[in-house]
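Peer 1: what's the 3D shape of this:
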Amino acid sequence: MINWALGILTAAGLLVAGPHSALAQDTPLRIAIEGQFPPFNYLDANGNLQGFDVEIADALCAAMTATCEYVTQDWDEMIPGLLEKKYDAIVSSMSMSDERRAVADFTSRYYDSPSIFITNKKSDLQAFSPADLAGKSIGVSLSTSQETYARSMYESSDIKIYATSPELYEGLARGEVDAILEDKLAAYDWLANTKTGQCCEFRSNDIKDAAFFGDGAGIAVRKEDTNLKEALNAALNVITEDGTYNMVNAKYFPFSIR
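Peer 2: From the prediction side, this is the model:
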């Protein structure tokens, strides 16, 4: 195992000589990002990764003075790819659910967002219990915590699966489903900043269930890579204390998401 943390940690969990300390490693740190979850991660017109997750990953790599390589990975293969050692960490808005914790380890939370039901503004839906949505169609993205939650809690509803979040939003805008269940911060960008998103609105109360959604989003690593987890946590402390995290946050949201 690569000693990612050699020379980087102190008992206080900070970098030995600040954010520019050398991180001993033999190969680049490979980080997986989906690229289909704006504004957290997406591909621009030139095919380059952009978004909140990408800038946080850049900042963490700078804090560790690590050479990082990004791997674009389909969401439903994220955890399998990590376990198969195709990459070393996942920085892709992954909620720390019990199901994922069973097979992978996570850093401290780097942001938190509830899930929420979204409908067309013309919809007459006002309540969102399983009984209220019996016989209704609910859209969710493939292999997400929202899919698991909807399948478990809304057995009498028609659960429609979309491959990516952008496709999920388009499905709602086209009237293919009665409502979608989505991460609130991800959907906020679509609702607030796109023409298509003007069709729709947040409708339910925030949904937080640690069994399904965990305690926010963390960076996933393999269970045996404890040194890497510690190094990433130390780097998270650094970018929080030096103001880098807040600068990235402010670029994407007019409120704190920590």
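Peer 1: what does whichever strand or helix holds residue 159 rub up against?
Peer 2: If you go by DSSP states H and E, residue 159 is part of strand 158-162. Around strand 158-162, the neighbours that count as contacts under C-beta atoms under 8 Å, 6 or more residues apart in numbering are 135-142, 147, 150-151, 168, 171, 176-177. C-beta: built from backbone N, CA, C; applies to glycine.
Peer 1: what comes up buried for that strand?
Peer 2: 159, 160, 161, 162 (16 or more other C-beta atoms under 10 Å).
Peer 1: Tell me the confidence at residue 10?
Peer 2: On pLDDT, residue 10 comes in at 37.
Peer 1: now residue 102
Peer 2: On the pLDDT scale, residue 102 gets 96.
Peer 1: going forward can the numbers begin at 50, since that is how I track them
Peer 2: All set: I'll call the first residue 50, so the last point we hit is now residue 151.
Peer 1: Next up, the contacts around it.
Peer 2: Residue 151 neighbours (C-beta under 8 Å, 6+ apart): none.
Peer 1: what's the answer for residue 205, then?
Peer 2: Residue 205 makes contacts with 179, 180, 182, 183, 184, as judged by C-beta under 8 Å, 6+ apart.
Peer 1: tell me the SS of the first one?
Peer 2: Residue 179 carries the three-state label coil when classified by DSSP: H, G, I helix; E, B strand; the rest coil.
Peer 1: Which residue, other than its chain neighbours, is closest to it?
Peer 2: Among residues not flanking residue 179 along the chain, residue 203 sits closest, at 5.2 Å (C-beta to C-beta, 6 or more residues apart in numbering).
Peer 1: Report the contact partners of residue 143.
Peer 2: Residue 143 touches 127, 149, 155, 266, 267, 268, 269, counting by C-beta under 8 Å, 6+ apart.
Peer 1: Please flag which of those residues sit within helices.
Peer 2: Of those, the ones assigned to helices by DSSP state H are 127, 149.
Peer 1: With neighbour count added, can I get the contacts of residue 143 in a markdown table?
Peer 2: Below are the contacts of residue 143 laid out as a markdown table (neighbours: other C-beta atoms under 10 Å):
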| residue | neighbour count |
| --- | --- |
| 127 | 22 |
| 149 | 19 |
| 155 | 24 |
| 266 | 26 |
| 267 | 27 |
| 268 | 27 |
| 269 | 25 |
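Peer 1: Quickly name whichever of the contacts of residue 143 is closest to residue 287.
Peer 2: residue 268 (14.2 Å; C-beta to C-beta).
Peer 1: before we move on, the earlier item: list buried residues within the contacts of residue 205.
Peer 2: By the neighbour-count criterion of 16+ other C-beta under 10 Å, those include these buried positions: residue 182.
Peer 1: Tell me the one among the contacts of residue 205 nearest to residue 242.
Peer 2: residue 182 (27.7 Å).
Peer 1: Tell me who's in contact with that closest one.
Peer 2: Neighbours of residue 182 in contact, by C-beta under 8 Å, 6+ apart: 174, 203, 205, 206, 227, 228.
Peer 1: returning to what we had before: let's have the buried residues of strand 207-211 in CSV, adding pLDDT and distance to residue 107.
Peer 2: Shown next, in CSV, are the buried residues of strand 207-211 (pLDDT from 0 to 100; distance: C-beta to C-beta, whole Å):
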residue, pLDDT, distance to residue 107
208, 98, 36
209, 98, 35
210, 98, 32
211, 98, 29
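Peer 1: That's all I had, so thanks and see you.
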